[in-house]
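J.: Structural data only, the sequence is not supplied:
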């Protein structure tokens, strides 16, 4: 935090968009780029991405996925092979200025299905080559025309995209759901962001996919945030790219495919979900430096020396939590507190001359502001358990918020009211695209978020058109 | 290895270029891309890149460097701020097709000095913000017009680029050399590729830098391979981008900067340096799966079962080396041996019925082909020490090759002869650009590789023009 920079100057509840921009930039997670719609991910923000990568990469490798890297240039003709896919992405594609030694137009990847499956068609020969499970961590370009927002909607972002090929539909669908389950784990267990888990409506299915699954979070301003998707691609891409294999019976077979991705957007969800008027609140598991230790300085140099020595001793016992020992003498105690709060450091330990006398420290939680006196000898154990408590409490509060703000509506009037009240709306729907579009138009923005895996069955009629409903759906405005 | 794919069909010594292409693609490190001059890094190749990342990232973090991510789009005006830099990169830059909502032309980053330093000029205010040490792992676009070659010269590649800012010239230069030393460690300690360490001649200095340092390897075909560079940028970029800070004395000061990078090119050096006519030879430290265990199958199912049980037991004791237990029954023993050799697996363990009776296994080194009988109980200890021995032997053989092929020449005739003999040439030089260019022209390709930190002093005259020499330089043809 620059000495000249004030803290967050707007309350979260009053203007969440302005608040978000301030938190992201003032806590130095990211910065605006000189290129409109792009972002600069600063070390503090990149560390959160690294935490997500580390957590998720371990899980996919345990499932037999290997990392690779495909070119970011995709020939125009590749897009054209899968018509729906091409149509879905065409408004957002950025192209390279033609070079004299290149025959066709090259796109900057908005997603890599086409370039990867072109290779797959050459690599896959026999059932012995399956399942093929490849992932890549890379940058993605989508020329967004809507308002851009750091992490949430950006013309360049970082993501992972997994692309697998299987012998059977069943195996493919099972694994597609497995990656969604891993996304749920990332969101709920690492980010402490509770999510809905379900299927996208036809209207919102990935271009070229048979079925899209998604996890959706619910933000404090009443808007949903799509956190990750996995797509059952069926055999469409395999046909378009002529991927086939010699089956166990000796004949040529068509394989089944999926693709799945999460991005730096996830970082935005953490900011929105947990942050407060003082700045970031980070779930302990995402943070490398989990504790800020602030020795309270007085005018007596000898006393300060003793306090610092005790602070260093405590820091040593907490080494595995990478504590920040904040002994800078050019800043006041209050300024330091504000900075660590802005940065979302989960725990603060204060120790001053009086604490030294009494043999305890003050342990302050970032998420609740609660403070407790903890004897020196108990600091390590208390920190260990408190970090878990904070992680759980953050998740539970967010979950509670989602639950209490969900309303099951049965009439269009109630639907409209629930939208006005910024609720997460659960309602029966006929599944028709036109009806879904009508809801969006009439409400100026409410969309179907997902058909949950649980509780989708209904005997009600469609909340909008009154015809027999196909399922229950979650509706909300969305980021 | 596809059943239909033969092994390497050309000897390394006879046609190293063809041999290289075959090894890289047949060992599935990488594949040609449908876009000319780009490459697809397959899981086996990406795993080598991950090994380099893991090794290096730990070292730079220990030195206080943090990772970040900057946009890949760079406004044209940024390049123009540093004239030499712009001129140096202009032939290789690829541009984005103009979008209606963007005012100026956007380049795809060929390197990120300009976009990063634009941010630095806003982030750096006081001496307390220094040193600033940021690195990014990303893709890079350079539209190469020379012949491209997977890993070695590609229009898109992966790299890391570090960009630091310091208060003093001394601190800056010291750290610039420190990153070079880390590159030496990556090359020599991880890749087992010995390198020359030194300064680039003026002619070959990074556009915009005051001084460039480099590590240079010497390949079996007599060509040098630049493996990594670190650049002392001085204050040029700081001036162009108006980076300044309030110094300890309260006045505005101009900081000092460096930048440094290594890329997926390093993977190419491993292939060239260590590979043989059977395929890849990988240094054990770079490989996750260090051992292939092949149970030898016979016609007796009961015997096979016992052999397999023993192989599994051995695999269990070697768990930390991630052994591949190759119990596939659709492939012959010979085919399996060939495959693991092609892939460069450092050690192979064979165990058949006779070995079972005798209570030993056959342990075969990939690098030398040597085989030894090792009693079951000694396998673990033998493997552990042998992996270190292989790593050291690979380095020492390569070092020996470099040493015996280095000639110190004092006359132009000897220089010409040494070039014909494909030697690494050590000679005194006047340091003049024109003279260096004359050498390149007359020999059709020999260039100054580096002025070594050691043994650069000389009282000789320039090997080409006969004037007083400024230093000794290594000369070679280069990749």
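T.: Sure, I can see it. All values reported here derive from a predicted model rather than from experimental measurement.

J.: For burial, what's the neighbour tally of the residue in the stretch 301-450 of chain A positioned nearest to chain B?
T.: Closest residue of the stretch 301-450 of chain A to chain B, CB to the nearest CB: residue A:330 (7.4 Å). Placement of C-beta: from N, CA and C, glycine included. Here the number of neighbours of residue A:330 (other CB atoms under 10 Å in any protein chain shown) works out to 8.

J.: What is the neighbour count of the nearest residue in space to it that is not next to it in sequence?
T.: Spatial nearest neighbour of residue A:330, chain neighbours left out: residue B:128 (7.4 Å); criterion: CB to CB, 6 or more residues apart in numbering or on different chains. Per other CB under 10 Å, the neighbour tally for residue B:128 reads 14.

J.: Confirm residue B:128 sits in a helix?
T.: Yes: remark: residue B:128 belongs to a helix, assigned using DSSP: H, G, I helix; E, B strand; the rest coil.

J.: For residue B:165, see how far away it is.
T.: 13 Å (CB to CB, to the nearest Å).

J.: if we can go back for a sec, so the residue nearest to residue A:330 is in contact with residue A:331, correct?
T.: No: under the criterion of CB atoms under 8 Å, residue B:128 makes no contact with residue A:331, lying 9.7 Å away.

J.: Tell me what the closest residue to residue A:469 other than its chain neighbours is bridged to.
T.: Distance criterion CB to CB, 6+ apart; nearest residue to residue A:469, sequence neighbours excluded, is residue A:428 at 3.5 Å. Here residue A:428 sits in beta bridges with residue A:472, going by DSSP bridges.

J.: Please enumerate the strands of the stretch 351-479 of chain A.
T.: A:360-365, A:371-375, A:406-408, A:424-429, A:447-452, A:471-478 (DSSP state E, counting those that start in this stretch).

J.: who does the shortest one touch, helix- and strand-wise?
T.: Okay, so that is strand A:406-408. strand A:424-429 (3 or more CB pairs under 8 Å, 6 or more residues apart in numbering or on different chains; DSSP states H and E).

J.: what's the strand it packs on packed up against?
T.: Using 3+ CB pairs under 8 Å, 6+ apart: strand A:424-429 touches strand A:406-408, helix A:412-420, strand A:471-478.

J.: Pick the most buried one from these.
T.: Most buried of the helices and strands packed on strand A:424-429, by mean neighbour count (mean count of other CB atoms under 10 Å in any protein chain shown): strand A:471-478, with a mean of 22.

J.: which ones are touching residue A:46?
T.: Applying CB atoms under 8 Å, 6 or more residues apart in numbering or on different chains to residue A:46 gives the contacts B:66-69.

J.: Is it possible to get those out as JSON lines so that each row also shows neighbour count, distance to chain A and secondary structure?
T.: Listed next are the contacts of residue A:46 as JSON lines, based on neighbours: other CB atoms under 10 Å in any protein chain shown; distance: CB to the nearest CB, whole Å; DSSP: H, G, I helix; E, B strand; the rest coil:
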{"residue": "B:66", "neighbour count": "16", "distance to chain A": "4", "secondary structure": "strand"}
{"residue": "B:67", "neighbour count": "19", "distance to chain A": "5", "secondary structure": "strand"}
{"residue": "B:68", "neighbour count": "24", "distance to chain A": "5", "secondary structure": "coil"}
{"residue": "B:69", "neighbour count": "24", "distance to chain A": "4", "secondary structure": "strand"}
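
J.: okay, those residues in JSON lines with pLDDT and distance to residue A:92 next?
T.: Converted to JSON lines, these look like this (pLDDT from 0 to 100; distance: CB to CB, whole Å):
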{"residue": "B:66", "pLDDT": "98", "distance to residue A:92": "31"}
{"residue": "B:67", "pLDDT": "98", "distance to residue A:92": "27"}
{"residue": "B:68", "pLDDT": "98", "distance to residue A:92": "25"}
{"residue": "B:69", "pLDDT": "98", "distance to residue A:92": "20"}
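
J.: quick one: which of these is nearest to residue B:463?
T.: Relative to residue B:463, the closest of the contacts of residue A:46 is residue B:67; by CB to CB it sits at 44.0 Å.

J.: just how off-centre is stretch A:136-144 within its chain?
T.: 15 Å (CA atoms, centre = their mean, to the nearest Å).

J.: what comes up buried for it?
T.: For stretch A:136-144, the neighbour count (16 or more other CB atoms under 10 Å in any protein chain shown) marks A:136-144 as buried.

J.: what does that stretch rub up against?
T.: A:37, A:53, A:57, A:67-70, A:72, A:89, A:91-94, A:108-112, A:153-161, A:263, B:69, B:72, B:99, B:138-139.

J.: Same question for stretch A:86-101.
T.: For stretch A:86-101, contacts defined as CB under 8 Å, 6+ apart pick out A:73, A:79-80, A:102, A:105-108, A:110-111, A:141-145, A:155, A:206-208, B:36, B:94-99, B:108, B:143, B:145.

J.: Among the residues you listed, which lie within helices?
T.: Using DSSP state H, A:79-80 are the members of the contacts of stretch A:86-101 that sit in helices.

J.: Give the full set of residues in contact with the residue in the stretch 51-200 of chain A that chain B sits nearest to.
T.: Residue of the stretch 51-200 of chain A nearest chain B, by CB to the nearest CB: residue A:66 (3.6 Å). By CB under 8 Å, 6+ apart, the contact set of residue A:66 is A:133-135, B:43, B:46-47.

J.: Check residue A:306 too.
T.: With CB under 8 Å, 6+ apart, residue A:306 has these contacts: A:353, A:356.

J.: before we move on, what about residue A:455?
T.: By CB under 8 Å, 6+ apart, the neighbours of residue A:455 are residue A:472.

J.: and what of residue A:425?
T.: A:406-407, A:409, A:415, A:418-419, A:446, A:474-476 are the contacts of residue A:425 under CB under 8 Å, 6+ apart.

J.: Please render the residues you listed as a markdown table that adds pLDDT to the earlier fields.
T.: Below are the contacts of residue A:425 laid out as a markdown table (pLDDT from 0 to 100):
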| residue | pLDDT |
| --- | --- |
| A:406 | 98 |
| A:407 | 98 |
| A:409 | 98 |
| A:415 | 98 |
| A:418 | 98 |
| A:419 | 98 |
| A:446 | 98 |
| A:474 | 98 |
| A:475 | 98 |
| A:476 | 98 |
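
J.: Could you identify the most distant pair in the residues you listed?
T.: A:406 and A:446 (14.3 Å).

J.: is it true that residue A:124 touches residue A:255?
T.: Yes: at 6.9 Å, residue A:124 and residue A:255 qualify as touching, with contact defined as CB under 8 Å.

J.: what's the overlap in contacts for these two?
T.: By CB under 8 Å, 6+ apart, residue A:124 and residue A:255 have these common neighbours: A:130, A:165, A:243-245.

J.: Take those residues and lay them out in a markdown table including secondary structure and pLDDT.
T.: Listed next are these as a markdown table, based on DSSP: H, G, I helix; E, B strand; the rest coil; pLDDT from 0 to 100:
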| residue | secondary structure | pLDDT |
| --- | --- | --- |
| A:130 | coil | 98 |
| A:165 | strand | 98 |
| A:243 | coil | 98 |
| A:244 | coil | 98 |
| A:245 | strand | 98 |
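
J.: which one's the longest helix in chain A?
T.: Chain A, longest helix under DSSP H: helix A:379-404.

J.: in that helix, what's buried?
T.: In helix A:379-404, counting by 16+ other CB under 10 Å, buried: A:379-380, A:382-383, A:386-387, A:390-391, A:393-395, A:397-399, A:401-402.

J.: Packing partners of it?
T.: Taking 3+ CB pairs under 8 Å, 6+ apart as contact, the helices and strands that helix A:379-404 lies on are strand A:211-218, helix A:265-274, helix A:301-317, strand A:347-351, strand A:360-365.

J.: Of these, which is nearest residue A:190?
T.: Nearest to residue A:190, of those and by CB to CB, is helix A:265-274 at 9.0 Å.

J.: Burial check on residue A:437, number of neighbours?
T.: 12.

J.: what about it, distance to residue B:404?
T.: 76 Å.

J.: So which bits of the stretch 51-200 of chain A are right by chain B?
T.: A:66-73, A:75, A:78, A:94-99, A:101-102, A:106, A:108, A:115, A:118-119, A:122-123, A:125-126, A:128, A:134, A:138-139, A:141, A:143, A:145, A:156, A:158 (CB under 8 Å from any CB of the partner chain).
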